[in-house]
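In: A structural model of the following input is requested.
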Amino acid sequence: MNAKGALISVMCIALVAMTAGAGTLAYFSDTETSTGNTFTAGTLDLKISDGEDWGDGVTATWTLSDMKPGDSVSGWVVLDTVGSIAADHAEITCDYSVTEESPQTESDTDPNTDQHPGWMAKNLTIDQAWYQADGYNINLLTGKNVLTGEQHDYWKIEDVDGDGKRTLYDLKYGNGGNGVDNLPPPDTFQYSFSMNIKFNETAGNDFQGDTFNLTVIFTLNQDGSQ
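Out: Residues are numbered from 1 along each chain as shown. Prediction:
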């Protein structure tokens, strides 16, 4: 073996030794943990009452039997929030259906009212609607707080079909389906919602014997984008 070859061999042996030694190095470490972390969702909880116990819903607030054109009915509901999260605003809208009389009376000129309930809804006029609390007395037909003069279109039941009346049809479909929107939430004060509904004098025989099933919907929203 010549000198050059011997030198290369020695260098290779040294490199292997250094590499093997590097694998035996050790360093201290210490690990601690954070335990018991939980994420519990808060609650946005609306309760309502119509003079009875508070609950998640009430029944038969607006009820009228043997209704004839020109008859009207009034009702009211109080809203309160018992959740842990503050609400941004409240909404009020409705949904409905029609139960067709069976067997039908001879004078019932429309045997299919249940298939287009909006027609009967357009004949149930809202001639009064208020949202009230301390400092607020909002006329939902005009969108105006009569105590302060503050007024907004989203507080108003929109005349969707342009017939010059505010009806249950308008409460369902107005403001993009939100009814009346951006109402002050019942966080600091309880709010009352009152409404008077009138069966139009011009309603004809199409509705004889039919039952209009109304659900008024109250929604509490956390964020202004809702």
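In: can we go C-alpha only for contacts and neighbour counts from here?
Out: OK.
In: and the nearest residue to Asp56 once chain neighbours are set aside, what element?
Out: Spatial nearest neighbour of Asp56, excluding adjacent residues (C-alpha to C-alpha, 6 or more residues apart in numbering): Lys47 at 5.3 Å. With the criterion set as DSSP states H and E, the secondary-structure element containing Lys47 is strand 46-49.
In: That strand packs against which elements?
Out: Judged by 3 or more C-alpha pairs under 8 Å, 6 or more residues apart in numbering; DSSP states H and E, strand 46-49 is in contact with strand 72-81.
In: For the helix or strand just after the strand it packs on, list the C-alpha coordinates in CSV.
Out: Sequence-wise, the next helix or strand downstream of strand 72-81 (DSSP H and E) is strand 89-99. Coordinates of the C-alpha atoms in strand 89-99 are reproduced here as CSV (Å, rounded to 0.1, in the frame of the first residue of the first chain):
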residue,chain,number,x,y,z
HIS,A,89,-81.5,41.2,18.0
ALA,A,90,-84.9,39.5,17.7
GLU,A,91,-87.1,38.6,14.7
ILE,A,92,-90.8,37.9,14.4
THR,A,93,-92.3,36.0,11.5
CYS,A,94,-94.9,33.3,11.0
ASP,A,95,-95.8,30.1,9.2
TYR,A,96,-99.2,28.7,8.4
SER,A,97,-101.3,26.0,6.7
VAL,A,98,-105.0,25.5,5.9
THR,A,99,-107.1,22.5,6.8
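In: For strand 89-99, buried residues please.
Out: Under the neighbour-count criterion of 16 or more other C-alpha atoms under 10 Å, strand 89-99 has His89, Ala90, Glu91, Ile92, Thr93, Cys94, Asp95, Tyr96, Ser97, Val98 buried.
In: ok, now stretch 135-155?
Out: For stretch 135-155, the buried set under the neighbour-count rule, 16+ other C-alpha under 10 Å, comprises 136-145, 152, 154-155.
In: Can you flag which of those residues belong to strands?
Out: Secondary structure assignment by DSSP state E places Tyr136, Asn137, Ile138, Asn139, Lys144, Asn145 of the buried residues of stretch 135-155 in strands.
In: Closest to Lys68 out of these?
Out: Using C-alpha to C-alpha, Asn139 is the member of these that sits closest to Lys68, with 26.9 Å.
In: coming back round to it: chain center to the strand holding Lys47, what's the gap?
Out: 14 Å (C-alpha atoms, centre = their mean, to the nearest Å).
In: Just the buried residues of it, please?
Out: Quick answer for strand 46-49 (16+ other C-alpha under 10 Å): Leu46, Lys47, Ile48, Ser49.
In: Stretch 198-205 now?
Out: Of the residues in stretch 198-205, those scored as buried under the neighbour-count criterion (16+ other C-alpha under 10 Å) are Lys198, Phe199, Asn200, Ala203.
In: Please identify the buried residues of the helix or strand hosting Phe218?
Out: Under the assignment given by DSSP H and E, the secondary-structure element containing Phe218 is strand 211-221. Along strand 211-221, these residues count as buried under the neighbour rule (16+ other C-alpha under 10 Å): Thr211, Phe212, Leu214, Thr215, Val216, Phe218, Leu220, Asn221.
In: Which strands or helices does that strand pack on?
Out: For strand 211-221, the helices and strands in contact under the criterion 3+ C-alpha pairs under 8 Å, 6+ apart are strand 89-99.
In: run the last query once more with 10 Å
Out: Judged by 3 or more C-alpha pairs under 10 Å, 6 or more residues apart in numbering; DSSP states H and E, the packing partners of strand 211-221 are strand 46-49, strand 72-81, strand 89-99, helix 117-121, helix 168-177, strand 180-183.
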